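Colleague: One predicted model, sequence on top.
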Amino acid sequence: MICFTKFPRSMRIRATWLVVIFLVLQISYANDLSHAAVLKRAETITGNYLAGAIVLEGEIVPGDAERLLAALLYENHILKDQHIDEIYLRSKGGDVDEAIRIGQIVRRLRLRTNVPVYGGDGEPSDIVYAADKNNVICASACFLIYAAGVDRFGNYLALHRPYVQHVDASRMNDAQYEESEKEVISKVRAYLDYMEIDKFWIGKMLSTNSQNAYVIPWELADDKNYHLMGIVPSIEEVLLSKCDEFNTDCNKRALNEIRKAALDREVNTLIAKHCNGQKEIDTSKAPSQSVDGVELGKAKHSACERDFWGNMSVLANVAPPDKPDLSLFIAGKEKEDRMLAKALQSATQGDIQAQFEAGRMYANKGNIEEAVAWWKKAAERGNTDAELSIGLLLENETNKASEAISWDKRAANEGSQLAKLVLGNKYMSGEGVPQDYVQAYMWFTLCGSKGAQDNLADITPHMTPAQITQARQLARDWKLSK
């Protein structure tokens, strides 16, 4: 088997090289991420779901591509006018061949790929919840999936050369190993070139040995000369052919159109194959249906086609055709209650992550009192996600703005980069606090993310030199106090 190593236990510091030590957290109630990637709805740390987005989290192993395709097709089949168009990647890597298969699906279906933003210090900026914090980075083989996005965003990526698994290498002599290594390198190089990854990044990957990792700095990821982020060149030309100029609104409409066309092509091809080449079925005239008040997509009226969608539901490990309310996007009450019960069992025994989980699930149910109670338990033991979650939750409650800010600051003071960005935004806009550009400048400086840097550029023209000097001094003082 050819694979990328799991993210190394340590990396040498040199220029943009970072030392990263991953601790494997065993969470008794969570899915076992060590055996297969987990597919789930994209969810913020405060429990809100992101429409049209899913998360792929955990180790990439054979079979994940088939499950992903089935999940994407089945969810788009179940939900009318709520297609999946974005995939958040949270994985330390895994099997190269499987990652390539997943990447090919991502490109065929015209999906956007997203990873966290990392400014170089502290924690990455990430609004999407990950069950295991060790998976927040997109490392090794995960980069092959990121590369496939027609529109890519984020830079928390760790690159290194693929290699032949040691269990396979033990059966080879040096000449055989060398040839196998060259084959996989050639395969990965050709794949990345097809996905329009600049030779600069391919060179960085292949020049980094398998025991190290090159973590991409923001300034290079954002460099337009290297085409890492944004819409890939070939798709950009497709959009330009549909729009008179590169206009955001027109591009969005055109991209949605080609995504729908890509989805239709995929479905028609697979159904025709499943039905032994029968004539493609026109579903545009099929009647709509609803289950428990939820309007579903067009009803399927062919026995063969119903069988196909049944197979998709099984492969995706999501809802069976007669229970669409249990799909990824329409969470079944029974499933959520079962997950909450497992979280509470561990939370009552003092598991910090389980306490955060319990709070998140209660927040998603609208039970603010229980959510805050469990988050406070986790916060008392230093969980910054819980602290920030309380702040974000309370900011929408009457007469709670001051308390929300105190929780935001508590999380920021304990190292949460996202909390620093949130505070900067609040002081910039005057949301929940008096507008204060000096405070906003300080928090944006401490955060250092791309969003923070953009906001700094926006507020700086409205500040005096004395205010800027004061804000910079406050940022220095804050760092010295830590």
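Modeller: Right, received. Where do you want to start? This is a predicted model, so every value here is computed, not measured.

Colleague: Would you map the strands across the stretch 101-250 of the chain?
Modeller: Ranges of strands in the stretch 101-250 of the chain, per DSSP state E, counting those that start in this stretch, are 112-114, 138-139, 151-153, 157-159, 163-164, 214-215, 230-231.

Colleague: Out of these, which one sits most buried?
Modeller: For these, the largest average neighbour count (mean count of other Cβ atoms under 10 Å) is found in strand 138-139, namely a mean of 29. Every residue, glycine included, has its C-beta placed from N, CA and C.

Colleague: which residues touch that strand?
Modeller: 4, 6-7, 89-93, 115-116, 145-146, 154, 156-159, 213 (Cβ atoms under 8 Å, 6 or more residues apart in numbering).

Colleague: Ser234: neighbour count?
Modeller: 12 (other Cβ atoms under 10 Å).

Colleague: Could you tell me how far Leu393 is located from Pro217?
Modeller: Using Cβ to Cβ, to the nearest Å, Leu393 is found at 33 Å from Pro217.

Colleague: the more surrounded of these two?
Modeller: Leu393 (20 against 16).

Colleague: residues touching that one, list them.
Modeller: Leu393 makes contacts with 46, 363, 368, 371-372, 375, 404, as judged by Cβ under 8 Å, 6+ apart.

Colleague: Assign it to helix, strand or coil.
Modeller: Look at Leu393: counting by DSSP: H, G, I helix; E, B strand; the rest coil, its state is helix.

Colleague: For it, report the pLDDT, please.
Modeller: On the pLDDT scale, Leu393 is placed at 81.

Colleague: Low-confidence stretches in the chain?
Modeller: Within the chain, the stretches with pLDDT under 70 are 1-36, 45-48, 78-82, 166-169, 245-247, 277-302, 313-314, 316-336, 482.

Colleague: Can you list the helices and strands that the helix ranked longest in it packs against?
Modeller: For the chain, the helix with the greatest residue count under DSSP state H is helix 248-274. Other helices and strands packing on helix 248-274, by 3 or more Cβ pairs under 8 Å, 6 or more residues apart in numbering; DSSP states H and E, are helix 64-78, helix 96-108, helix 233-242, helix 303-316.

Colleague: got the angle for the second one vs helix 64-78?
Modeller: This points to helix 96-108. Computed with axes from the mean of the first three to the mean of the last three Cα atoms, to 10 degrees, the direction of helix 96-108 lies at 30 degrees from that of helix 64-78.

Colleague: got the phi/psi numbers for Ile127?
Modeller: Phi and psi for Ile127, reported as degrees, to the nearest 10, are phi -90, psi -10.

Colleague: ok, it touching Gln417?
Modeller: No - in this structure, Ile127 is not within contact of Gln417 by Cβ atoms under 8 Å, at 11.5 Å.

Colleague: Now tabulate the strands of the stretch 101-250 of the chain in a markdown table and tack on distance to Tyr437.
Modeller: Putting the strands of the stretch 101-250 of the chain into a markdown table (distance: least, Cβ to Cβ, whole Å) gives the following:
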| stretch | distance to Tyr437 |
| --- | --- |
| strand 112-114 | 30 |
| strand 138-139 | 34 |
| strand 151-153 | 28 |
| strand 157-159 | 33 |
| strand 163-164 | 50 |
| strand 214-215 | 32 |
| strand 230-231 | 30 |
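
Colleague: and of these, who's closest to Ser429?
Modeller: Among the strands of the stretch 101-250 of the chain, strand 151-153 comes nearest to Ser429, with 23.1 Å by Cβ to Cβ.

Colleague: Excluding chain neighbours, what is closest to His227?
Modeller: Excluding the flanking residues, the one nearest His227 by Cβ to Cβ, 6 or more residues apart in numbering is Asp198, at 5.0 Å.

Colleague: which residues does the one you found contact?
Modeller: Asp198 neighbours (Cβ under 8 Å, 6+ apart): 225-228.

Colleague: from these, which is closest to Glu236?
Modeller: For the contacts of Asp198, the nearest to Glu236 is His227 (9.8 Å; Cβ to Cβ).

Colleague: hang on, the earlier thing: out of the contacts of Asp198, which are buried?
Modeller: Buried members of the contacts of Asp198, scored by 16 or more other Cβ atoms under 10 Å, are 226-228.

Colleague: Just confirm Gly371 contacts Tyr362, I think it does.
Modeller: Check again: residue 371 is Ala, not Gly. Yes - under the criterion of Cβ under 8 Å, Ala371 makes contact with Tyr362 at 3.9 Å.

Colleague: Ile127 and Gln417: which has the busier surroundings?
Modeller: Per other Cβ under 10 Å, whichever of Ile127 and Gln417 has more neighbours is Gln417, with 25 against 18.

Colleague: Surely the more buried one touches Gly122?
Modeller: Yes - if you go by Cβ under 8 Å, Gln417 and Gly122 touch, sitting 4.6 Å apart.

Colleague: so what sits against both of those two?
Modeller: Overlap of the contact sets of Gln417 and Gly122 (by Cβ under 8 Å, 6+ apart) consists of Gly448.

Colleague: count of neighbours near Leu421?
Modeller: 25.

Colleague: Apart from its chain neighbours, what residue comes closest to it?
Modeller: Of all residues not flanking Leu421 in the chain, Cys447 sits nearest, at 4.7 Å (Cβ to Cβ, 6+ apart).

Colleague: Give the full set of residues in contact with the one you found.
Modeller: By Cβ under 8 Å, 6+ apart, Cys447 lies in contact with 119, 125, 417, 420-421, 424.

Colleague: If we use 6 Å, what do you get?
Modeller: Cys447 makes contact with 417, 420-421 under the criterion Cβ atoms under 6 Å, 6 or more residues apart in numbering.

Colleague: how far away is it from Val188?
Modeller: Going from Cys447 to Val188 by Cβ to Cβ gives 34 Å.

Colleague: Please parse the protein into its domains.
Modeller: Domains of the chain are assigned by automatic domain parsing as 2-241, 333-481.

Colleague: need those in TSV with distance to Asp249, can you?
Modeller: Shown next, in TSV, are the domains of the chain (distance: least, Cβ to Cβ, whole Å):
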stretch	distance to Asp249
domain 2-241	12
domain 333-481	21
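
Colleague: can you tell which of those is closest to Trp309?
Modeller: Checking the domains of the chain against Trp309 by Cβ to Cβ gives domain 2-241 as the closest, at 6.0 Å.

Colleague: between the domains of the chain, which gets nearest to Ala261?
Modeller: Ranking those by proximity to Ala261 (Cβ to Cβ) places domain 2-241 first, at 8.5 Å.

Colleague: I'd like the distance from the closest one to the chain centre, please.
Modeller: Domain 2-241 sits 10 Å away from the centroid of its parent chain (Cα atoms, centre = their mean, to the nearest Å).

Colleague: for stretch 451-466, same thing?
Modeller: Stretch 451-466 sits 29 Å away from the centroid of its parent chain (Cα atoms, centre = their mean).

Colleague: Show me which positions of it end up buried.
Modeller: 451-453, 455-456, 459, 463.

Colleague: tally of neighbours for the nearest residue to Glu196 once chain neighbours are set aside?
Modeller: Leaving aside its chain neighbours, Glu196 sits nearest to Val232 (4.5 Å; criterion: Cβ to Cβ, 6+ apart). If you count neighbours by other Cβ under 10 Å, Val232 ends up with 20.

Colleague: For Val106, see how far away Val232 is.
Modeller: Counting by Cβ to Cβ - Val232 and Val106 are separated by 12 Å.

Colleague: which strands and helices sit next to the helix or strand harbouring Leu56?
Modeller: For Leu56, the enclosing helix or strand under DSSP states H and E is strand 49-57. The contact analysis (3 or more Cβ pairs under 6 Å, 6 or more residues apart in numbering; DSSP states H and E) places strand 49-57 against strand 38-43, strand 86-90.
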